[in-house]
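Novice: Any chance you can model this:
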Amino acid sequence: MAITKMKFVSATSDYEHLDSMLMSGINSNMLHVEEAANIINEDNHGKLLDEENVWSTYEQTIKNFAYNLNYELKKKDKNNTYTTDEVEAFIKESSEKFGISADSEKVILTKDDEAALAALSECNFEKMHACQYLCFLFGRLPKESFKKLSMYQDENFVHHKLHENEQYVWMVIVTSDSYKPLVDKIFKDLFFEEMSIPTVDIQKLLRENSDKIDDIYTFVANKSEIHEKYEYVANIDDKYVLSGFVKESDVEKYQSLFDKSVTFEVKDPSEVPELNCPTLLKNNWFARPFELFIEMYGVPKYGEFDPTGFVALTYCLLFGIMFGDLGQGFVLFVLGLALEKKKGKLFGIMGRIGITSMIFGFLFGSVFGNEELLNPIHQALFGVDEKLFEVMANSSTMVLLIGAIVIGAILILVTQLMNIVLRLRKKEVGEALFSQNGVAGLLFYGSIIVAIACIFVLKVNVINPLYIGICFILPIICFVFKEPLCKVVEGKSAKPEEGWGGYIVQSVFELLEVLLTFVTNSMSYLRVGGFVLSHAGMMLVVMTLVKMTGNAGPLVMVFGNIFVMLLEGLIVGIQTLRLEYYEMFSRYYEAGGIPFKILTSEEN
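Specialist: Residues are numbered from 1 along each chain as shown. Below is the predicted model of the structure:
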């Protein structure tokens, strides 16, 4: 239920050690890096690094070159260093050696082509290739066309099959100069695809040069990756600065990753108010999974209130009431704890709400929908005739609905108190005193709850002119004149910018919205009691079907419980989250923080 303390750290080096400093910081897995544009200001006269990333061009050129050769590039753990002239010379030399342009879109050979050429080399046609009277054709023919060659046995050519796959047959054709035009026409009609015989053995060349190719590729890829991170480096007084936020506990460890050429400056986040310090939530075992809900809504600003603990308690309480079943809660608890490490925080939440589901399931006397199994235990512990609380009894309906309203009223009052404390901590005195979630709102809503409790529970009428004046009329005046009153507290003029007439008309309509909000927020908690009845009703249907299906009853029992857990568990989870976001967060919580994020070497 806290926010991890941070420190602002700046690492500075000269240009010679820039790349090593940058990658040490990025690969530290500790730094929330700040962009250089946020660091530069009029006071330090800093500049951005606007160097062109030529390494990215080299990297793409080598990738295209390898693709055209059907070669898979491999990054090496260690590599040599090269200058731009050496890389350019390598690309030019390789293009000439392999007879291929690096920006060519055509793939030279497939694996089937290579297999056919290997078979051709075994035929030893090289000795005859220089003969001025013979012509050699190499290529592939569709399989269906190959079957038709038997129709041309009398023609003056011979052929030899070299290789085949499911679609094609690779072959070599030999004929004389005088018959070549006729042979060309025959094979053109058969959809023959002639291929040039390479003058060099590309695969052999690749094997001989693979180490150099991979080495240079690794170097330029690493240089390109480093250059992409230059946006995080500021040039200040001819020094290069990498800045960001690190957990206070990691500062010494972070500094130890750099060599002696790097100097450091460590500041408290309050010393750099122009930067938004990131927020890293820090909670105990029980509350930690509920950080997921805070992150979905928006993390708090650094140094402000972390609502995770309160959300954990209220979410578990409300879910447990609405989904009270000892057996089903146990299933949620076991599955949640078993899958939390592998599947993440959502399953951690499932495990926690399973605990409260079991507690209220025990109090309601429900185990997988069986409403009588726990009766002996209730009778022994609580001294009741049957069970502590019968959800489906007619007399229980109003108890559940009124209880839900009471729970809602208590949570509204608690969130108003939290808002008052938080506003005062931020020195927002006007909001703490005069807003609907401040002292005025607490007095107004609390007085209504007290009056209702006195009249209907204690049978005492506390409503009188003084009570109405102090508890109702005074808060309403505060609601209407909140803006001028806040200005007075801040020492400013109370007169609204739009004039008193326009302000009062607008405030009256806003007052109606405020009063309506108190009513709707309170009524919204009726869903808590409604889902208690809904859950019990669905399980009653399941148990009725179990009795009706005879021998198939156990199977119906299992699948019925699974269906209810999946369907109603999802619905109750969503409705509880809605109560957290709309009925509680709106009263006391403002997000607006930046999540603490470590930039890894794989990210740009």
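Novice: Give me the number of neighbouring residues for Gly469.
Specialist: 10 (other C-beta atoms under 10 Å). Every C-beta, even on glycine, is put in place using the N, C-alpha and C of the backbone.
Novice: whoops, I mixed them up, Arg578
Specialist: For Arg578, using other C-beta under 10 Å, the count is 12.
Novice: Likewise for Phe518?
Specialist: 16.
Novice: what about it, helix or strand, and which?
Specialist: Following DSSP states H and E, the helix or strand that holds Phe518 is helix 500-524.
Novice: Tell me the helix or strand right after that helix.
Specialist: Counting by DSSP H and E, what follows helix 500-524 is helix 526-548.
Novice: Now do that next one: everything it contacts.
Specialist: With C-beta atoms under 8 Å, 6 or more residues apart in numbering as the test, helix 526-548 has contacts from 318, 321-325, 364, 366, 368-371, 391-392, 397, 400-405, 407-408, 553-554, 556-557, 560-561, 563-564, 568, 571-572, 575, 579.
Novice: Swap in 7 Å and give it another go.
Specialist: Contacts to helix 526-548, defined as C-beta atoms under 7 Å, 6 or more residues apart in numbering, come from residues 318, 321-324, 366, 369, 391-392, 397, 400-401, 403-405, 407, 553, 556-557, 560-561, 564, 568, 572, 575.
Novice: how close does Phe472 sit to Pro465?
Specialist: 11 Å (C-beta to C-beta, to the nearest Å).
Novice: More neighbours: which of the two?
Specialist: Shown here are Phe472 and Pro465; by other C-beta under 10 Å, Phe472 has more neighbours (16 against 8).
Novice: Could you list which residues are in contact with the more buried one?
Specialist: 444, 447.
Novice: Now for this structure, the helix or strand with the poorest mean pLDDT.
Specialist: helix 126-129 (a mean of 56; mean pLDDT, DSSP states H and E).
Novice: That helix: what's the following helix or strand?
Specialist: Per DSSP H and E, the helix or strand that comes after helix 126-129 is strand 134-142.
Novice: Weed out the non-buried ones from the contacts of helix 526-548.
Specialist: By neighbour count, with 16 or more other C-beta atoms under 10 Å, those hold 318, 321-324, 366, 369, 391, 400-401, 403-405, 407, 556-557, 560-561, 564, 568, 572, 575 as buried.
Novice: Return the subset of those lying in helices.
Specialist: 318, 321-322, 400-401, 403-405, 407, 556-557, 560-561, 564, 568, 572, 575 (DSSP state H).
Novice: Find the residue ranges of this protein scoring beneath the pLDDT cut-off.
Specialist: Within the chain, the ranges that satisfy pLDDT under 70 run 1, 99-109, 124-132, 197-203, 600-604.
Novice: care to break it down by domain?
Specialist: Under the assignment automatic domain parsing, the domains of the chain span 54-107+202-223, 111-194, 395-524.
Novice: Adding distance to Glu590, write these out as CSV.
Specialist: Shown next, in CSV, are those (distance: least, C-beta to C-beta, whole Å):
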stretch, distance to Glu590
domain 54-107+202-223, 42
domain 111-194, 62
domain 395-524, 9
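Novice: out of these, nearest to Arg288?
Specialist: domain 395-524 (20.8 Å; C-beta to C-beta).
Novice: how much space between Arg288 and Gly354?
Specialist: Remark: distance between Arg288 and Gly354 (C-beta to C-beta) = 16 Å.
Novice: mind listing what's buried in the helix holding Phe518?
Specialist: 503, 507, 511, 514, 518, 521-522, 524.
Novice: Equivalent analysis for stretch 154-165, please.
Specialist: For stretch 154-165, a neighbour-count test (16+ other C-beta under 10 Å) marks 157, 159, 162-164 as buried.
Novice: How about stretch 62-74?
Specialist: Buried-residue list, stretch 62-74, by 16+ other C-beta under 10 Å: 62, 64-66, 68-71, 73.
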